[in-house]
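In: Quick one, what's the 3D model for this:
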Amino acid sequence: MENVIFTAFDIFNFGLVVFFWWFTLKHYKTLPKRIPVHFDFDGKADNFGNKAYSFFTPLLGTFFYFLFAYTLRHPETANFPVEITDQNKDVQFLIMEAFLRWLFTLIMLIFMNGQDYTFRYAFDENVKPKVPLSTAILSVIGSLIIVLIFVAVFK
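Out: Have a look, this model is predicted:
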């Protein structure tokens with residue numbers, strides 16, 4: 001059963017990468033020559049660059065996809081917060097596989113939210129991000145806390 005869930009997660013995550021590239025390519029031609037490439041904590045652009053910078057986050061997302069895929073296929077290369085023994089190896093690998101897939105989903109959603117905000121901000125400085133960065137960061141931190149609890153329980 002876990003293989004079916006993990007396969008569905010992998011297909012979904014690959015779909016996020018494809019969608020991210022499609023979204024970027026679809027909007028690239030309509031972007032102005034200068035787009036915001038960095039925002040301050042208030043959500044105001046404080047640095048601008050060429051619209052080619054719009055490809056940075058999809059490239060970064062693709063890199064993370066392959067990095068996570070490699071780690072999932074070679075779990076012994078990962079760093080675990082507990083010592084891996086023959087008794088806890090299977091459950092620790094299962095926790096790591098589930099968390100990495102979930103973490104990648106969160107990272108891609110954060111990247112896509114940022115990309116959407118960047119594209120909309122390029123045309124209107126009064127727009128707001130659809131998901132505040134604080135909410136996105138707290139979702140990653142909350143997920144990390146949950147996984148550390150699971151790791152401690154099943155060590």
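In: tally of neighbours for residue 40?
Out: The tally of other residues near residue 40 (other CB atoms under 10 Å) stands at 9. Glycine gets a C-beta too; all of them are placed from N, C-alpha and C.
In: wait, isn't it in contact with residue 133?
Out: No. Judged on CB atoms under 8 Å, residue 40 makes no contact with residue 133 at a distance of 10.9 Å.
In: so how far is residue 61 from the residue nearest the centre of the chain?
Out: Nearest to the mean C-alpha position of the chain, counting by CA atoms, centre = their mean, stands residue 107 at 1.3 Å. Distance of residue 107 to residue 61, given as CB to CB, to the nearest Å: 7 Å.
In: try residue 106
Out: 12 Å.
In: more crowded one of those two?
Out: Neighbour count, other CB under 10 Å: between residue 106 and residue 61, residue 61 has more, with 22 against 15.
In: all strands for this protein, in order.
Out: 34-39, 45-50 (DSSP state E).
In: any idea of the mean pLDDT in the first one?
Out: Strand 34-39 comes out with an average pLDDT of 92.
In: Other residues contacting that strand?
Out: Strand 34-39 is contacted from outside by 45-51, 53-54, 56, 117-119, 121-122, using CB atoms under 8 Å, 6 or more residues apart in numbering.
In: and what of the last one?
Out: Outside of strand 45-50, the residues that reach it under the criterion CB under 8 Å, 6+ apart are 33-40, 121, 125.
In: Pairing partners for it, with directions?
Out: strand 34-39 (antiparallel) (DSSP bridges).
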